[in-house]
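Q: What follows is a predicted structure for the sequence shown.
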Amino acid sequence: MSSRSGNDKGVAADLWSQIIATESEDQIQLQKQTTAIVYRRKNPQNDTLPLPLPLNTTSSSSSSCSKKSRVSLAPGKRISWNHRSLFTRGRTSIAVVAACGDKKRIRKNKPPLPLPLPLANYEKERAYFQEVDAFELLEESPSPQTKTWVMGTKHSSVWLPSHVSTVLTKWLHNHTTLPPPPSASLSKILETPELSTHISLHNRLLDFSTQTKCASPNTIETTPEDELGFAIRNLSLSSQDSVLDQPWDPLLDLFKVCGQSSPSTFSDVISQYCDLQSIAKVGEGTYGEVFIAGEIVCKVVPFDGDSLVNGEIQKKAEELLEEVMLSLTLNDLRGKDTHTHNVCPTFIQTLSLRVCDGVYDDAMIRAWEEWDKKHFSENDHPTEFAEKQRFVVFVQEHGGQDLESFVLLNFSEACSLLVQVTVALAVAEAAFEFEHRDLHWGNILLGRKGSETLQFILDGKKMHVKTYGLVASIIDFTLSRINTGESILFLDLSLDPGLFEGPKGDIQSETYRKMKRVTEDCWEGSFPKTNVLWLQYLVDILLQKKDYDRTSRDERELRSFKKRLNGYKSAKESVVDPFFSDLIAVSDV
Ligand SMILES: Nc1ncnc2c1ncn2[C@@H]1O[C@H](COP(=O)(O)OP(=O)(O)OP(=O)(O)O)[C@@H](O)[C@H]1O
C-alpha cells in the first residue's frame, strides 16, 4: 500500500467518469420514480399533524428542507462520548406523531474533558499540510503488478428499492379514505413475517391480484390501483377492512414484522441459538444490552414501558418499528432476490426480530453481572425492569469487536478497514441516499475471517475489495438517514443541541459540528458529505488513536488521503481516490 503508480490516478479517474456518467442518469430516474414522505417531528408548540411534503430525493446537498415548515418532536436520549451513541432522538413518523408527548430524555453522562489534538495550533497545522503537499509532489514508484485490477465499463440500468412500494405510497396518497398508513416500505416488510423467506411485495401483489381475479371472474373491471388497494387491505394485520378504519397501532405492526401474535419469552428466543446457560454479554448501548448466543448476537431493547431505563424515557413501539425498517432496508443490500444493482456485505445483518416480555432470564442476569464486573456497566441492573416490561430482540450476525478495542496489526489492515467502510457507504448512498451520521469507532466492528477479497456492487459495477483477512461491519443506525424509496427516515438533530457541544478538538465532537455546518441543521435533506466527514474522522482515528505497524510514509499517505477527502461530496466520490487504487478491482456484473 505504500506506493502508487501515476497510472493508478488515471485509472481511478476513468472509474470516476463512469460513475459520474451513471449518477446523473440515476438521479433523473430517482426523481421520476421516487415519492418521498418526510418523517416529521412534532412541533412542541403545535400539536396538529404535519402534512407530508415531497422531498427532493436527489443526492445533491440542496435539500428541500425548509426551516419554517419543519415541525418536530422526538424524545431525546442521553449523550456519551467516544464510544457510546450520543444524545439522540427517537424517530417519530407522521403517523404516530400525535401519540407522543413533548418529552425530553434526561442526559445522564457528561462528556469528558476535551483531549488535546496533536494539531492544536496554526504552526503545527501548517507544518502538517506542508508535509502532505510535499508528499503529494513525490514521484511514486509503480505498484507491484501481482494482480490485475480491471475497471469495468458496463452501463447498468437504475435499480430502485421497493419500487412497487412507491406505487403503493402514491396510491395511498390518492385514496384519502385509508387511514394514515405505515410507510409502503413497512407494508412491504409486513407482508413477510419470516425474514428468511422474504418474497418481494411485487410478486406477492401479483399473486394476490391473480388469485382475486380467479376467485371472482365476474367482478367489474378493476384498475391496477384498485387491485393494489385491495391487496394492501389484505396485507393488513387482521385481513379485515374494518381494521383500516381504526387508528394505526404500531405495536401490532411490530408483532407482525416479528411474525408473532403474542410476545415470546427470552428463553424461547435464546434457546433457538444456544444453551441458555452459555449466553454472555458482549456490549451495551444507551438502550440496548447485547448478548452473544452461539454464533449470533441478540440486542435487547426495552420499549413502551413507563419506567425510566438507564435514566431515559423508553423508546416507543413506533420508534422501534422505524429502527426495524432501517435495519431491514439495509438487509436488502445483501444481494438477495432482485436487489443486485447495489450490493454490500458490510451493514450488520438482522437475522430475526422478536418481541419479548417479562423479566430477564437468570442466565441473562448472570451474564450481565459478569460483564459488569469486568467493564463497569453504565446501565441499570436488569432486575430493575418492571415484570411486564416489553423488549424487542434484534437477532444479528456477530460482527466481531469494535474498532476501539480491536488490535489492528498493520497498515494493510487499516487500509482494508477504510476501503470497506468507504465502499459500503458508497453503495448505501447509491441505493438509499444513506448517511450513517454516527460512525464513531464503537460503531465499526471488526473480525478476521480470512477471505482475500469481498465483493460489492456499486451502481451495477462489481468491485472486489482486498481485505487482508479483515472484515468490517457497520452497526447502530440510530442517527442514520435513509430514503427507502418512498419514505425518508431521519433524526432531527437540530433538537439535540447537546450533540454539538462536545469537547473542542475531540475528533468525534468536531465531526458532529462539521455535519451541522454541512446540513445547515436541516437533517431530513440528503447530504452525503456527512459520510465523507466520518471517513475523515476514521483517518484521524487511524492516525491518532490506533497503534499498528506503519511507516512515516504510510502516515503521510493517510494524511494526503484525508486532505483529498475535503474535495469529495460523497463516499461514492471518495471511492475513486488513488488511495484505493490497489485495493479495489472493478469488473462488469
Ligand atoms: N452485531 C453485533 N456483533 C457484535 N457486537 C455487537 C453487535 N451489535 C452491538 N454490539 C456491541 O454492543 C455495543 C452496543 O451496541 P449498539 O451501539 O448497537 O447499541 P445501542 O443501544 O443501539 O447503542 P446506542 O443506543 O447507545 O447508540 C457495540 O458497541 C458493540 O460492542
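A: Arrived safely, thanks for sending.
Q: So Leu403 sits against Val421, correct?
A: No. At 9.6 Å, Leu403 does not count as touching Val421 under the criterion of Cβ atoms under 8 Å. Every C-beta, even on glycine, is put in place using the N, C-alpha and C of the backbone.
Q: can you tell me the residue of the stretch 151-300 of the chain closest to the ligand?
A: Residue nearest to the ligand within the stretch 151-300 of the chain: Gly285 (1.9 Å; Cβ to the nearest ligand atom).
Q: which residues do Leu403 and Val421 both contact?
A: By Cβ atoms under 8 Å, 6 or more residues apart in numbering, Leu403 and Val421 have these common neighbours: Ile444.
Q: does the residue of the stretch 151-300 of the chain closest to the ligand really touch Asp476, like I thought?
A: Yes. Under the criterion of Cβ under 8 Å, Gly285 makes contact with Asp476 at 7.1 Å.
Q: For the stretch 301-450 of the chain, which segments are assigned as helices?
A: 317-331, 362-375, 411-432 (DSSP state H, counting those that start in this stretch).
Q: Looking at the longest one now, give me its mean pLDDT.
A: If I follow you right, that is helix 411-432. Averaging pLDDT along helix 411-432 gives 98.
Q: Leu533 is in contact with Met515, isn't it?
A: Yes. Here Leu533 lies in contact with Met515, judged by Cβ under 8 Å, at a distance of 5.9 Å.
Q: The chain against the ligand: which residues are in contact?
A: The chain comes close to the ligand at residues 84-85, 282-288, 290, 297, 299, 348, 396, 398-399, 402, 442, 445, 475-476, 478, as judged by Cβ under 6 Å from any ligand atom.
Q: Just the buried residues of those.
A: The neighbour-count test (16 or more other Cβ atoms under 10 Å) marks 84-85, 282-288, 290, 297, 299, 348, 396, 398-399, 402, 442, 445, 475-476, 478 as buried among the residues of the chain next to the ligand.
Q: Without its sequence neighbours, what residue ends up closest to Phe394?
A: For Phe394, ignoring the flanking residues on the chain, the nearest one in space by Cβ to Cβ, 6 or more residues apart in numbering is Lys299 at 4.2 Å.
Q: how much space is there between that neighbour and Asp588?
A: 38 Å (Cβ to Cβ, to the nearest Å).
Q: which residues pair with Ser587 across the strands?
A: Beta bridges link Ser587 to Lys462 when assigned by DSSP bridges.
Q: So what's the residue count around it?
A: 15 (other Cβ atoms under 10 Å).
Q: right, and it touches His464 too?
A: Yes. Ser587 is within contact range of His464, at 7.3 Å (criterion: Cβ under 8 Å).
Q: Is Lys563 located within a helix, as I assumed?
A: Yes. Assessed by DSSP: H, G, I helix; E, B strand; the rest coil, Lys563 belongs to a helix.
Q: Hmm, Val586 is touching Gly460, no?
A: No. Look at Val586 against Gly460 with Cβ under 8 Å: they stay out of range, at 10.7 Å.
Q: residue ranges with poor pLDDT in the stretch 201-350 of the chain?
A: In the predicted model of the stretch 201-350 of the chain, residues 201-246, 337-338 satisfy pLDDT under 70.
Q: can you rerun that using 50?
A: 201-243 (pLDDT under 50).
Q: per the record, what domains does this protein have?
A: Listed by automatic domain parsing, the domain ranges of the chain are 1-51, 151-248, 252-398, 400-589.
Q: Show the average pLDDT along the first one.
A: Right, the one you point to is domain 1-51. On average, domain 1-51 scores 37.
Q: same deal with stretch 394-407?
A: Averaged over stretch 394-407, pLDDT sits at 96.
Q: residue ranges of the strands in the stretch 251-400 of the chain, please?
A: Applying DSSP state E, counting those that start in this stretch to the stretch 251-400 of the chain gives strands spanning 280-284, 289-293, 296-303, 350-357, 390-397.
Q: Any chance of those strands in a markdown table with distance to Lys569 as columns?
A: Listed next are the strands of the stretch 251-400 of the chain as a markdown table, based on distance: least, Cβ to Cβ, whole Å:
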| stretch | distance to Lys569 |
| --- | --- |
| strand 280-284 | 33 |
| strand 289-293 | 34 |
| strand 296-303 | 33 |
| strand 350-357 | 30 |
| strand 390-397 | 31 |
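Q: Of those, which is nearest Glu486?
A: strand 350-357 (20.2 Å; Cβ to Cβ).
Q: residues near Gly567, how many?
A: As a burial measure, Gly567 scores 10 neighbours (other Cβ under 10 Å).
Q: ok, now Gly335?
A: Using other Cβ under 10 Å, Gly335 has 16 neighbouring residues.
Q: Look up which residues are beta-bridged to Val300.
A: Glu289, Val393.
Q: nope, Thr350 is what I meant
A: Going by DSSP bridges, Thr350 forms beta bridges with Gln396.
Q: Can you verify my assumption that it contacts Leu328?
A: Yes. The criterion here is Cβ under 8 Å, and Thr350 meets it with Leu328 at 6.3 Å.
Q: if I look at Leu326, how far off is Asp476?
A: Counting by Cβ to Cβ, the gap between Leu326 and Asp476 amounts to 10 Å.
Q: swap that for Ser581, please
A: Ser581 is 30 Å from Asp476, by Cβ to Cβ.
Q: what's the answer for Asn566, then?
A: For Asn566, the distance to Asp476 - Cβ to Cβ - is 26 Å.
Q: Also Ala363?
A: 25 Å.
Q: Ok, Leu308 next?
A: For Leu308, the distance to Asp476 - Cβ to Cβ - is 21 Å.
Q: ditto for Thr286
A: 10 Å.
Q: Kindly report the same for Glu435.
A: The value you get for Glu435 to Asp476, if Cβ to Cβ is used, is 13 Å.
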